[in-house]
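**Student:** Here is a sequence with its predicted model. Questions after.
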Amino acid sequence: MTPLPPSFAMTALLGLSLTSSAAELPSRIARVTVYPGTAVVERTARVPAGAREVVLNCLGPQFDMASLRVEADAPIRLGPVTATTRPRSESPTCSTSPLDGRITVLEDRIAALTAEHASQELVLGLLKGTTATVAANTPLAATLPLVQRAGLDALQQQHRLQREREKLERELAPLKAERDRQQPGGEVRQLRVQLQAGAEGELRLQYQTAGPTWAPAYRATLDTTAATVEMERQAQVSQNTGEDWTGVALRLSTGSPQSATSGSAPRRWEISPRPPMPVAPVAMAMAAPAPALMARKGSAMESAESMDFAVQVRQGEFATEFEVPGQVDVAQGGQRVAFSLGTQRWPARVKVQTIPQADLSAWLIAEVARPDGVWPDGSLQLLRGTQVVGRTVWRTGEREQIALSFGRDEQVRVQSLPVTAQTASAGFIGTRTERRIGRLYEVENRRRTPVTLEVIEATPVSTDEKITVTRQFTPAPPPGDWQDQPGIVAWTQTLAPGQKARFGAEYLIGHAKELQVIERR
């Protein structure tokens with residue numbers, strides 16, 4: 001922003017006294033950058049040559065004046081900027097709407113139909129009076145057909161007019177509701193900019209306003225034949241700034257202009273003898289909340305507050321920005337407008353996964369490499385070809401491979417076969433208890449194509465040296481734990497069409513007979 005020299009400030013003030021009034025300029029929002037919970041708005045206006053002061057009216061009152069930046073083309077020198085907030089009802093120019101013309105036309109047509117309907121009422125009234133007068137002087141049979149025909153025409157006209165009026169009223173109601181929504185009550189802000197325009201040029205304002213936000217959304221489509229996942233990125237934008245965004249260039253960012261600019265400073269670490277602690281009376285002693293519980297409670301509250309638009313970026317990573325193509329409209333009022341941000345196609349490792357201990361179902365899984373860039377958490381719709389499978393939450397996490405579940409695979413059957421469990425005593429005069437547990441599963445591929453199968457098994461893990469656990473598997477699974485989770489193993493095998501495979505596990509758990517053990521699953 002160009003600073004205002006002291007000499008120019010005095011000249012501008014003197015020039016103001018010589019001019020009759022400030023020029024009120026129409027302005028428009030040209031570009032908006034939306035962040036989670038806030039937006040940066042760029043507004044432009046054309047300044048005529050020779051202007052000394054301009055007024056920008058009907059601005060939303062929510063924007064932060066401390067963030068306001070005013071710039072202009074080279075021929076325009078800028079001076080002080082003042083802001084005034086007042087009720088919308090006191091600003092006639094701010095109460096007009098583009099819908100006013102259509103509303104006025106409809107109201108005029110309804111008024112004309114109402115007047116015509118009333119004129120038909122007069123005709124019917126005259127017919128009633130005429131019938132009584134004529135009936136007293138002439139034979140009734142001669143006048144009845146004429147009166148009946150005239151009355152029938154009047155009643156039919158009334159019915160037609162009523163139908164037309166009801167149709168116009170149905171058209172008018174949503175227009176009025178839309179006008180009221182576009183121009184709610186409340187306040188508007190007016191900006192006065194002192195300047196010296198040597199020639200016509202453009203005035204540009206940039207400011208931050210709270211309230212607008214956007215939520216990421218995704219749509220993943222699995223192609224099992226090509227072993228690919230097509231991921232479409234979407235965005236849902238809403239804003240309640242008090243003014244519509246019409247024909248703006250829209251940019252969406254995962255960053256935030258209000259985020260912290262630096263980390264915590266180092267703190268001194270001192271180690272000193274602890275002074276004697278006074279003994280507090282038992283009645284006054286109160287247990288403080290456990291720090292871990294307090295931390296979990298705070299985390300849950302923060303998660304609940306940010307669940308709707310949970311767009312966050314870890315410190316040290318750059319934000320990702322999306323340019324919405326074309327000029328877009330986002331009306332104020334809180335309703336969401338969806339935009340597509342592009343589509344990517346990723347190679348996938350397609351497999352069928354089952355966890356028979358928990359559920360005798362087979363699930364179709366597609367593993368894709370972690371994509372580059374920032375991919376905020378958001379709603380994810382899953383499709384298998386053209387079939388909609390369901391909806392979940394997209395989270396990239398920290399792993400290099402991301403597993404997407406595309407519903408049950410009904411062509412893969414999983415069974416749990418019966419195995420006898422045994423408990424016995426062992427050792428000298430039965431001082432130890434040994435328990436033998438067996439698992440046996442059978443998986444059948446009923447597809448016409450081979451499948452890559454993954455059978456996951458949670459095995460017992462001892463947390464104390466007094467408890468021993470011996471494990472034996474048939475066939476032997478690959479070494480190591482599944483996804484680095486202790487005690488979780490996974491068999492991997494390719495099943496041909498129609499092929500069956502069995503997977504067995506046997507566990508021997510031993511401990512002292514008098515030792516009480518508990519199991520957590």
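**Tutor:** That came through fine.
**Student:** what's the burial count for the nearest residue to residue 79 once chain neighbours are set aside?
**Tutor:** Sequence neighbours aside, residue 194 is the residue nearest to residue 79 in space, at 3.4 Å (criterion: Cβ to Cβ, 6 or more residues apart in numbering). From N, CA and C alone the C-beta is placed, and that goes for glycine too. Using other Cβ atoms under 10 Å, residue 194 has 22 neighbouring residues.
**Student:** List the pairing partners of the helix or strand hosting residue 194 within its sheet, with orientation.
**Tutor:** For residue 194, the host element (DSSP states H and E) is strand 187-197. The sheet places strand 187-197 alongside strand 53-59 (antiparallel), strand 76-87 (antiparallel), with pairing taken from DSSP bridges.
**Student:** which one of these is the most hemmed in?
**Tutor:** strand 53-59 (a mean of 20; mean count of other Cβ atoms under 10 Å).
**Student:** Show the subsequent helix or strand relative to that one.
**Tutor:** strand 69-72.
**Student:** Flag the shaky bits of the stretch 201-350 of the chain, pLDDT-wise.
**Tutor:** 258-265, 270-272, 274, 277-319, 334 (pLDDT under 70).
**Student:** repeat for the stretch 51-200 of the chain
**Tutor:** 95-98, 130-144, 181-186.
**Student:** go with 80
**Tutor:** Applying pLDDT under 80 to the stretch 51-200 of the chain flags the ranges 62, 88-101, 126-148, 178-187.
**Student:** picking that back up, ok, the residue nearest to residue 79 to residue 78 distance?
**Tutor:** The gap separating residue 194 from residue 78 is 8 Å, by Cβ to Cβ, to the nearest Å.
**Student:** List the buried residues of stretch 477-488.
**Tutor:** 477, 482, 488 (16 or more other Cβ atoms under 10 Å).
**Student:** Can you report phi and psi for residue 483?
**Tutor:** The phi/psi pair for residue 483 (degrees, to the nearest 10) reads phi 50, psi 40.
**Student:** Report the beta-bridge partners for the spatially most central residue of the chain.
**Tutor:** Centroid-nearest residue in the chain: residue 215, 3.1 Å away (criterion: Cα atoms, centre = their mean). When bridges are called by DSSP bridges, residue 215 pairs up with residue 236.
**Student:** surely it meets residue 235?
**Tutor:** Yes. At 7.1 Å, residue 215 counts as touching residue 235 under the criterion of Cβ atoms under 8 Å.
**Student:** which neighbours do the two share?
**Tutor:** Taking Cβ atoms under 8 Å, 6 or more residues apart in numbering as the contact rule, residue 215 and residue 235 touch no residue in common.
**Student:** What distance do you get for the closest residue to residue 488 other than its chain neighbours to residue 504?
**Tutor:** The shortest distance from residue 488 to any non-neighbouring residue, by Cβ to Cβ, 6+ apart, is to residue 482 (4.3 Å). From residue 482 across to residue 504, the span is 17 Å (Cβ to Cβ).
**Student:** now residue 82
**Tutor:** 82 Å.
**Student:** before we move on, what about residue 61?
**Tutor:** Between residue 61 and residue 504 the computed distance is 71 Å (Cβ to Cβ).
**Student:** now swap in residue 114 and tell me
**Tutor:** Per Cβ to Cβ, residue 114 is found 86 Å from residue 504.
**Student:** Comparing the two, which residue is more hemmed in?
**Tutor:** Using other Cβ under 10 Å, the more surrounded residue of residue 114 and residue 504 is residue 504, with 17 against 13.
**Student:** Report the contact partners of the more buried one.
**Tutor:** 419, 438, 439, 440, 441, 473, 474.
**Student:** which SS state does the second one fall under?
**Tutor:** When the structure is split into helix, strand and coil by DSSP: H, G, I helix; E, B strand; the rest coil, residue 438 lands in strand.
**Student:** Near it, how many other residues are there?
**Tutor:** Residues near residue 438, counting by other Cβ under 10 Å, number 15.
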